Structures are given as C-alpha cells and as structure tokens.
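Enquirer: any chance you could fold what I've pasted below:
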Amino acid sequence: MTATPSIDDSPALTAPGSRRRIPIWLAIVAASLPMFMATLDNLIMTSALPVIRLDLNASIGELQWFVNAYTLAFATFMLMAVAVGDRLGRRSVFVFGIALFTVASAFSALSTDPWMLIVGRAFQGVGAAALMPLSLTLLVGSVSTRLRPLAIGIWGGVSGLGVALGPLIGGAVIEGWNWEAIFWLNVPTGIISVPLALLALPNTFGARLRADVLGLALVGVGVLGVVYGIVRGNDAGWSSVEVVGSLVVGAVLLVAFVVWESRTTAPLLPLRLFRDRSFSVANVVGFVFSFGIFGSIFILIQFLQIVQGHSPLEAGLMTMPWTMAPLIVAPLTGLITPRIGTRLPVVVGLAFQSVGVFWLAGILSADATYASMIGPFLFAGIGMGLVFAPSSTAVLVNMSSADQAKASGTNSTLREVGVALGIAVLTAVFTGAGGQLTPTGYVGAAIPAVIVGASALALSALLALLLPAGRATRTAPTAMPATAPATAPVA
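Expert: The predicted model follows:
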C-alpha cells in the first residue's frame, strides 16, 4: 500500500513514495484535468449532432443514444468503480479510467456507422465512471482542511468549465476540421494525464469489500430498460409490447435492486445513507436538476443550428454567456459556502436556471434575435455556477470517511441517470408533438419540450428548500474530512 502524504496548510505536498514537495496546484491539475476531459464530452458532442446526423445518416433515436450510451454506462459503473478503487487503490483505478477513456475516444473518432459510435461512447462512459467519483476523492485527500473549500470551488469551476466549453470547443473543432476531431482531442490529454496522476496523487485505499456484481447488473439493466422504453415510445407506440415490456422489466429490476441492496452485506449502494436529510435531498435535487437542464440543452443547442442556420462554432459562441458564467461563479461560490451555507446558493441557482429556461421557451422562434437570448443565457449560467460546489458539499457534509466514496458516487450516478432520462423524456415530448429535425418542423415541438425541462428545474428549486442550511460551525469548519471523496456534478 502506498502511503498517503500528510498534509497541513503548507502550499505543497509530499509525493507518494518520495520526499519531493509537490505543489498543491499540481495535485489540483492532476485530479481535475481527466475530470475536465470527461465532463467536456458530455456536451462537446451536442453541438456536433446535426453534422454527425448527416455524415452517418443517423436517426433522432440514434442521436439520443450517442449521448445516452455515454451517460448510462457512466451511471451504471460509477459505484462499482468506487468499490474497486477501495480494493485496488483509488489512483490505480483512476489511471485505468484515463487509459480506457482515451482508447474509447480513438475508437469513436474512427467510427463509420452509428452503432460504432454508440459502442465507443459506451466505453467512454465506463472510463469516465472511474474518473469522476475518484477525481475529487484524490484531490481532497491531498489538500489541507483550511484550503479544502477553495480546492472544491476550483474543482467545481473546472467541472463547470468542461460543461461550458463543450459546445464552443465542439463547434470550433468541427468548423476547422471534422466531427471526428472532437474525440481525437482526448488522446493527447489522456496521454498527459496518466503520468501526471502517478506523480502528484496518493494511491489511497478504502474498505476491501466484496464486489456487488448482482447489484451492478440489476441497476444497470433496470435503468437501461426504462430509458430504452422512453426512447422507443413514440416510434414503437406507448402501448406496444416492446415499450411496455421494457418499462415494466426496467422498473421491476430497479425495485429488485433496492431490495437486494437492503439485504446484502456489501451493497453497491448502502441504503442507510439516505437516512441523512442533507444527503437524501441533495441527491433528489441533483437528479431533477440534471433531468431539466441537460434535457433542455439537448433541445436548445440543436435549435441554433437546425432552425436558425448557425454553424457549430457560431452556436458555441452564442451560448458563451450561459456556458462561461459557471467558470467565474462556481469558485466564488465554493469560497463563500462555509459562511452562507449550502441551501441558499443551491435554491437561488436552481431558481435562476428555471427562470432562464422558461424565458428561452417564451422567446423561441425561427427569427428570435441573439440579443433576446443573452438575458436567459446569463440567468441559466449563473444558476449553474451557484449549484455546482455547494450541492457536492451538501451530499458529503454528514458522511463518515468510510462512506464518502459511495456517497459521492451515488450522487454522480443519480445525476447521470437524470441526464439520460431528461434527454429521453424531452425528446419524447418533442417527437410526440410532431417535431422534426428541419427548420420548419422544429420550433413548435421544441417549446413544450423546453417547458418540461424548465418545470423540472422549478421543482428542483422547491425541493432544495428542504436542505439543511449547511452553514459551517466551529467544530465543523468544512464539509469534508481529509479523505473525503466526491464526484462531479456533471451532465
């Protein structure tokens, strides 16, 4: 077992296995760069969907699976990655995730048929599942208690930046090269990230419990069944055997998962964690938030290209007031959260996002001016920045060190399931309203879909009122102990 460095308030840490002093900023970069790569791929592809649709002759159902194959694999394997990290070493699993994500990115770039890209995206999701829950775990274990809120804020800002820059970088790359290049970008990033992680991060271990393979199978197939049923609903018919059977089987498997987790001695998801109000409410809020915001983004990003005829780069530039705001707001929120608590910024942030998305639904039309979009873009962006860091803190505030890896993994799992369901449901609303991927057949069906997303965000703001205030006390100066693992509030 590699020794974990002892950290105080000094600006550097001792690299594992050596006496060299490693600057804390290097640990932040080592933990955040792979996480940035994974969050970037949540939305970098969204701006490329209209181009990929034409190049690969993909249907709207396949467009959903280009996104959902990633998010579902991500969600399914995340808690297992945490458990394996506890047994084999968190840094070891983190590095494996980087390598797998890099190879899967190259495969995606080489895809010539929709099924190949779906497979590549699924393996990217498995790699990301090893990255996301362990990135903050490793980072928080490498910084002092005093500097932890700042580190979490920076990490949240980088996570937000990955989401923010996705459409912009995707648009620039597609316009300058081709859609395949959005995946080739990950290859050099992954090659750099592996030695950086080995140099700067400690290889910590947790409880070496038996892997809950049955729980993994139940939840993975269960979620897949529900999402598949929603995706196929409009095409196959909501009363068809295919759709009803998929939804019923998925629901039964998810119930079986809950029953199994309550009985097994080494659960993938310890249900006792939900006895804590902050943890339970933060997870429900994270699920509904992800459902609303990323389902809406899936619809709105394509509106700029399909309806208004903007290039991918132009669409990315136009959304910058939305996408870049979290880069500024999230770190500042991380700094002030110990004083104002977690509930206030989360409630305000979700309310801002709901207002912004409702506003966009109200002005959505083929001839909507860019000036009319800046206001709602800013509201949504500031709101996202307010939510990132304090919501992660709220999940972990009362968790013991032994539970924090699974607690944070649970949070990211539910967020990713929310992303997949949000895209599936809002697309089902879009297609059910007669929506088509054409300039004349898009807006009328997009408006009710976006309203559903905005309504979900409003609901999440109301649910967030149930959070404890979450203010720091003298006996609990930060929300997270020295070995606290957490995971990203992504897409």
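
Enquirer: buried ones in the helix or strand that Val95 is a member of?
Expert: Assigned by DSSP states H and E, Val95 belongs to helix 90-109. By neighbour count with 16 or more other CB atoms under 10 Å, helix 90-109 contains the buried residues 90-98, 100-105, 107-109. C-beta coordinates here come from the backbone N, C-alpha and C atoms, glycine included.

Enquirer: quick check: domain ranges of the protein?
Expert: For the chain, the structural domains run 20-202+266-464, 212-265, going by automatic domain parsing.

Enquirer: Arg275 and Asn398, how far apart?
Expert: Distance from Arg275 to Asn398, counting by CB to CB, to the nearest Å: 10 Å.

Enquirer: need phi/psi at Trp179.
Expert: In terms of degrees, to the nearest 10, the main-chain angles of Trp179 are phi -70, psi -30.

Enquirer: the closest residue to it other than its chain neighbours: how many residues sit nearby?
Expert: With sequence-adjacent residues excluded and distances taken as CB to CB, 6 or more residues apart in numbering, Trp179 is closest to Ala48, at 4.5 Å. For Ala48, the count of nearby residues is 27 (other CB atoms under 10 Å).

Enquirer: out of the domains of the chain, flag the one nearest Gly470.
Expert: Across the domains of the chain, the minimum distance to Gly470, taken as CB to CB, is reached by domain 20-202+266-464, at 3.2 Å.

Enquirer: could you double-check that Leu271 lies in contact with Trp260?
Expert: No: in this structure, Leu271 sits apart from Trp260 without contact. The criterion is CB atoms under 8 Å, and the distance is 10.3 Å.

Enquirer: out of those two, which sits in the busier spot?
Expert: For Leu271 versus Trp260, neighbours defined as other CB under 10 Å are more numerous around Trp260 (18 against 12).

Enquirer: end-to-end on stretch 432-451?
Expert: With CA to CA, to the nearest Å applied, stretch 432-451 spans 14 Å between its terminal residues.

Enquirer: how far does it sit from the chain's center?
Expert: How far stretch 432-451 lies from its chain's middle: 26 Å, per CA atoms, centre = their mean, to the nearest Å.

Enquirer: neighbouring contacts of that stretch?
Expert: 50, 53, 60, 233-234, 295-296, 299-300, 302-303, 306-307, 309, 357-358, 360-361, 364-366, 426-427, 429-431 (CB atoms under 8 Å, 6 or more residues apart in numbering).

Enquirer: just the buried ones from these?
Expert: Neighbour-count burial within the contacts of stretch 432-451 applies to 50, 53, 60, 233-234, 295-296, 299-300, 302-303, 306-307, 357-358, 360-361, 364, 426-427, 429-431; the criterion is 16+ other CB under 10 Å.

Enquirer: quick one: contacts for Ala394?
Expert: 278-279, 281-282, 342-343, 346, 467-468, 470, 479.

Enquirer: element containing it?
Expert: Going by DSSP H and E, Ala394 is part of helix 370-396.

Enquirer: what angle separates the helix or strand just after that helix from helix 370-396?
Expert: Tracing the chain C-terminally past helix 370-396 and defining elements by DSSP H and E, one meets helix 404-432 next. Put simply, helix 404-432 runs at 150 degrees to helix 370-396, going by axes from the mean of the first three to the mean of the last three CA atoms, to 10 degrees.

Enquirer: quick check: angle from helix 404-432 to helix 90-109?
Expert: Angle, helix 404-432 to helix 90-109, by the same axes, to 10 degrees: 20 degrees.

Enquirer: could you point out the helix or strand that follows helix 404-432?
Expert: Remark: after helix 404-432, the chain's next helix or strand is helix 443-464, criterion DSSP H and E.

Enquirer: in that following helix, which residues are buried?
Expert: 443, 445-447, 449-454, 456-461, 463-464.

Enquirer: likewise for stretch 394-413?
Expert: The neighbour-count criterion (16+ other CB under 10 Å) identifies 394-399, 403-413 as the buried residues of stretch 394-413.

Enquirer: and it, end to end?
Expert: The first residue of stretch 394-413 is 16 Å away from its last residue (CA to CA).

Enquirer: hang on, the earlier thing: for the helix holding Ala394, the distance to its chain's centre please.
Expert: A distance of 14 Å separates the centroid of the chain from that of helix 370-396, by CA atoms, centre = their mean.

Enquirer: ok, now stretch 300-308?
Expert: Its chain's C-alpha centre lies 23 Å from the corresponding centre of stretch 300-308 when counted by CA atoms, centre = their mean.

Enquirer: give me the contacts around it.
Expert: Residues outside stretch 300-308 that contact it (CB under 8 Å, 6+ apart) are 43, 46-47, 49-50, 167, 310-312, 314-315, 318-319, 360, 364, 366, 368, 437-439, 442-443, 446, 450.

Enquirer: buried among those? Make that a PyMOL selection.
Expert: Buried members of the contacts of stretch 300-308 can be picked out in PyMOL with the line below, counting by 16+ other CB under 10 Å:
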select buried, resi 43+46+47+49+50+167+310+311+312+314+315+318+319+360+364+368+437+442+443+446+450
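
Enquirer: going by contacts, tell me the helices and strands next to the following helix or strand past the helix holding Val95.
Expert: Toward the C-terminal end, the helix or strand that comes next after helix 90-109 (DSSP H and E) is helix 114-140. In terms of contact count using 3 or more CB pairs under 8 Å, 6 or more residues apart in numbering; DSSP states H and E, helix 114-140 is assigned the packing partners helix 24-43, helix 49-56, helix 60-88, helix 90-109, helix 148-176, helix 404-432.

Enquirer: who are the packing partners of the second one?
Expert: Using 3+ CB pairs under 8 Å, 6+ apart as the contact criterion, the neighbours of helix 49-56 among helices and strands are helix 60-88, helix 114-140, helix 277-306.

Enquirer: and if we set it to 10 Å?
Expert: Counting contacts by 3 or more CB pairs under 10 Å, 6 or more residues apart in numbering; DSSP states H and E, the secondary-structure elements packed against helix 49-56 are helix 60-88, helix 114-140, helix 148-176, helix 277-306, helix 312-318.

Enquirer: do the fourth one as well
Expert: Here helix 90-109 is seen to pack against helix 24-43, helix 60-88, helix 114-140, helix 181-184, helix 186-200 when contacts are counted using 3+ CB pairs under 10 Å, 6+ apart.
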